[in-house]
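Asks: sequence and predicted structure below; questions after.
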Amino acid sequence: MPKTKRRIRRILRLAPVLALLVGCGVALPLPATAATSGASPADGPEYVALGDSYAAGYGLTQPTDRPVAACGQSALDYPHLVASSLGLDLTDVSCAGATTADIVSTRQHGADPQADALGSQTKVVTVSIGGNDAGLFSTASKCIAVAKEGPVISSGASSCRSALVTDGVDSLAAAIDGHVTSGLRSAFATIASRAPQAKVIVVGYPAIFPDAAHTPAAGCFRPVVSASTLTDGLPTNGFPFTATDVKYLSGVQNHLDDALRSATKAAGFTYVSTLAATRAHSGCATSGSYMQGITLIASAGFSDISLQRGALHPNAAGARFLAAQTGAAVAAALAPTASPSPTSSPTGSDGFTIDLGWIVFGGILVVFAVIVLLAWRGITRARADRR
């Protein structure tokens, strides 16, 4: 076989090999994709839940007796639901009645400060706190009225607002602007210090009281005592607040939500506000409510009267709603950062994106062009030799 023909055949045999090398990007390593990354631990990322009764699921069934039985924590609270849904390794130290001080340093009911549950391996933290610092919940329970127009049982005043707002000074708003704000700042700084690797989600309070748009024309009042109480027993699931106090306490919740949002932003955390989305499901709602109403429990002869556990706290539907909102935020916070596309490189200085796919394609064309050129030269020489 003439040398020229052998040379041509060798060149042509190289074509698929060269094309394969260029197409695979040999000598041009690409970023690893998510498929090559390490798997998550079997028990999931470490998740610590902090907070008060709204985080603890106070009043719900299935008590956990953690961190101590007096905390009233439930296995149906939103942290447990979130952990179960996302496969997280949960440590839930939320406790009914907790304040920001109980996160930082106070031993509530003998339990360790909640921040002691945090550590360098904590990956996500949720916290619902601040309502007890403001005195909102204890105040609301003292605003129970005898009738739609009052008076309030605890004070005999026509409304709670008349006692809480004097000379134009709102005592609850002042508490939020002062004590609550400073407490949140301290608690959030402690969380950031104790869990430096964690994504922190602050979960706001759902609506206890409706806004004007979700307040019925006839008002929200549902009594907790009635003329037939002695014979028929106490009513259940009441909402015994005057129209004045419903409007006032709804505004206080707005103020607290704003304070929580501001403190969360200042700390660099993520805020989940649940207030607006639950206005239609407040304690005022007679159906579809996310909030337990007020039921009084009386001893024989009515010598002792107390509130049933869970009054003005999320019911099971409310806990599920909080879990859905919080779970979405937690999932987003834990989502891995997207890897760069394996077929593209950063945009050039002129704004033109340099795509490696086009580079590879161009390389293949060049290789084939060279092969064709060499083959053509070989054929030309072979013809010349015959002459």
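Replies: Everything's here; your move. In this text, all values refer to a predicted model and were calculated from it rather than measured experimentally.

Asks: OK, contacts around Gly293?
Replies: Gly293 sits next to 222, 236-239, 283, 311-312 when contact means Cβ atoms under 8 Å, 6 or more residues apart in numbering. Using the backbone N, CA and C atoms, a C-beta is placed for each residue, glycine as well.

Asks: kindly recompute the last result at 7 Å.
Replies: The neighbours of Gly293, taking Cβ atoms under 7 Å, 6 or more residues apart in numbering as the test, are 222, 237-239, 283.

Asks: okay, domains of this structure per the record?
Replies: According to automatic domain parsing, the chain is divided into the following domains: 3-35+352-386, 44-334.

Asks: most tightly surrounded among those?
Replies: For those, the largest average neighbour count (mean count of other Cβ atoms under 10 Å) is found in domain 44-334, namely a mean of 19.

Asks: confidence score at the nearest residue to Asn132 once chain neighbours are set aside?
Replies: Distances taken as Cβ to Cβ, 6 or more residues apart in numbering place Thr99 nearest to Asn132, at 4.8 Å, with adjacent residues excluded. What the model reports for Thr99 is a pLDDT of 99.

Asks: from here on, call the first residue 21.
Replies: Yep, numbering from 21; the last one is Thr119 now.

Asks: now the strands for the stretch 71-220 of the chain?
Replies: In the stretch 71-220 of the chain, the strands defined using DSSP state E, counting those that start in this stretch lie at 109-112, 142-148, 185-186, 189-190, 219-223.

Asks: quick check: neighbours of the third one in the sheet, parallel or antiparallel?
Replies: Strands that pair with strand 185-186, judged by DSSP bridges, come out as strand 189-190 (antiparallel).

Asks: please compute how far the strand it pairs with lies from its chain's middle.
Replies: A distance of 32 Å separates the centroid of the chain from that of strand 189-190, by Cα atoms, centre = their mean, to the nearest Å.

Asks: same thing with stretch 206-213?
Replies: 18 Å.

Asks: show me the contacts for the residue positioned nearest the centre of the chain.
Replies: Most central in the chain under Cα atoms, centre = their mean is Thr346, positioned 2.9 Å from the mean C-alpha point. Shown in contact with Thr346 (Cβ under 7 Å, 6+ apart): 98, 102, 146, 221, 223, 292.

Asks: low-confidence ranges in the stretch 21-170 of the chain?
Replies: Regions of the stretch 21-170 of the chain meeting the criterion pLDDT under 70 cover residues 21-62.

Asks: so Ala247: helix, strand or coil?
Replies: Under the three-state scheme (DSSP: H, G, I helix; E, B strand; the rest coil), Ala247 adopts coil.

Asks: mind listing what it touches?
Replies: With contacts taken as Cβ under 7 Å, 6+ apart, Ala247 has no neighbouring residues.

Asks: per-residue confidence at it?
Replies: We have a pLDDT of 78 for Ala247.

Asks: separation between it and Val166?
Replies: The gap separating Ala247 from Val166 is 11 Å, by Cβ to Cβ, to the nearest Å.

Asks: before we move on, what about Thr249?
Replies: Note on Thr249: its distance to Val166, by Cβ to Cβ, is 12 Å.

Asks: how about residues contacting stretch 153-163?
Replies: Among residues not part of stretch 153-163, those counted as contacts by Cβ under 7 Å, 6+ apart are 119-120, 151, 172, 174, 180, 192, 195-196, 199-200, 203, 228, 261, 265, 269, 272, 276, 327, 331-332.

Asks: please redo it, this time with the cut-off set to 8 Å
Replies: Judged by Cβ under 8 Å, 6+ apart, the contacts made with stretch 153-163 from elsewhere in the structure are 73, 119-120, 151-152, 172, 174-175, 179-180, 184, 192, 195-196, 199-200, 203-204, 228, 261-262, 265, 269, 272-273, 276, 314, 327, 331-332.

Asks: just how off-centre is that stretch within its chain?
Replies: Relative to the mean C-alpha coordinate of its chain, stretch 153-163 is positioned 25 Å out (Cα atoms, centre = their mean).

Asks: quote the end-to-end distance of it.
Replies: Its start and end residues considered, stretch 153-163 measures 18 Å (Cα to Cα, to the nearest Å).

Asks: can you check stretch 192-208 too?
Replies: Counting by Cα to Cα: the opening and closing residues of stretch 192-208 are 22 Å apart.

Asks: quick one: average pLDDT of that stretch?
Replies: Mean predicted confidence for stretch 192-208 is 98.

Asks: let me see the residues that make contact with it.
Replies: With Cβ under 8 Å, 6+ apart as the criterion, stretch 192-208 contacts 119-121, 123-124, 135, 147, 149-150, 153-156, 159, 184, 220, 222, 272, 275-276, 279-280, 282-284, 286-287, 289.

Asks: now do Ile116 against Pro87, distance only.
Replies: Just to correct that, residue 116 is Ala rather than Ile. Spatial separation of Ala116 from Pro87 under the definition Cβ to Cβ is 11 Å.

Asks: what residues do the two have in common as contacts?
Replies: Gln93.

Asks: where does the stretch 271-407 of the chain dip in pLDDT?
Replies: In the predicted model of the stretch 271-407 of the chain, residues 357-407 satisfy pLDDT under 70.

Asks: can you give me the helices for it?
Replies: Secondary structure of the stretch 271-407 of the chain (DSSP state H, counting those that start in this stretch): helices located at 336-354, 376-406.

Asks: ok, now the stretch 71-220 of the chain?
Replies: All helices of the stretch 71-220 of the chain, identified by DSSP H, counting those that start in this stretch, fall at 73-76, 98-106, 120-124, 151-154, 156-161, 181-184, 191-195, 201-214.
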